[in-house]
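**Student:** Below are the sequence and a predicted model; questions follow.
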Amino acid sequence: MDKKSREYEVCLCHHVTRGEVEDFIREHQITDLKTLCESMDIGNKCGGCREDLDMILSDCAAEA
């Protein structure tokens, strides 16, 4: 599945989609990876999604 798709499962450990992450970032005006991971409780188990989460943060910031 395309990583830009809102249905793309970003965090496999917690089954969180890109759409859920994007919505959370916009709703809570998250600007950094640490805050995002702590607030959503993702990216803290295996860490495999942190690069994708950082990319999503950048994409959302570019839209603003």
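**Tutor:** Cool, the structure landed.
**Student:** what's around the nearest residue to G19 once chain neighbours are set aside, how many residues?
**Tutor:** Residue nearest to G19 in three dimensions, not counting chain neighbours: R6, with 3.2 Å by Cβ to Cβ, 6 or more residues apart in numbering. The way it works is simple: take the backbone N, C-alpha and C, and place the C-beta from them, glycine included. Counted with other Cβ atoms under 10 Å, residues neighbouring R6 total 12.
**Student:** can you pull out the helices in this structure?
**Tutor:** 18-28, 33-40, 50-63 (DSSP state H).
**Student:** could I get those as JSON lines with mean neighbour count?
**Tutor:** What follows is the helices of the chain, written out as JSON lines (neighbours: other Cβ atoms under 10 Å):
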{"stretch": "helix 18-28", "mean neighbour count": "17"}
{"stretch": "helix 33-40", "mean neighbour count": "16"}
{"stretch": "helix 50-63", "mean neighbour count": "15"}
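**Student:** Make a markdown table from these and add distance to M1 to it.
**Tutor:** As requested, the helices of the chain are exported to a markdown table (distance: least, Cβ to Cβ, whole Å):
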| stretch | distance to M1 |
| --- | --- |
| helix 18-28 | 10 |
| helix 33-40 | 20 |
| helix 50-63 | 12 |
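**Student:** As JSON lines, those helices with mean pLDDT would be great.
**Tutor:** Shown next, in JSON lines, are those (pLDDT from 0 to 100):
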{"stretch": "helix 18-28", "mean pLDDT": "98"}
{"stretch": "helix 33-40", "mean pLDDT": "97"}
{"stretch": "helix 50-63", "mean pLDDT": "96"}
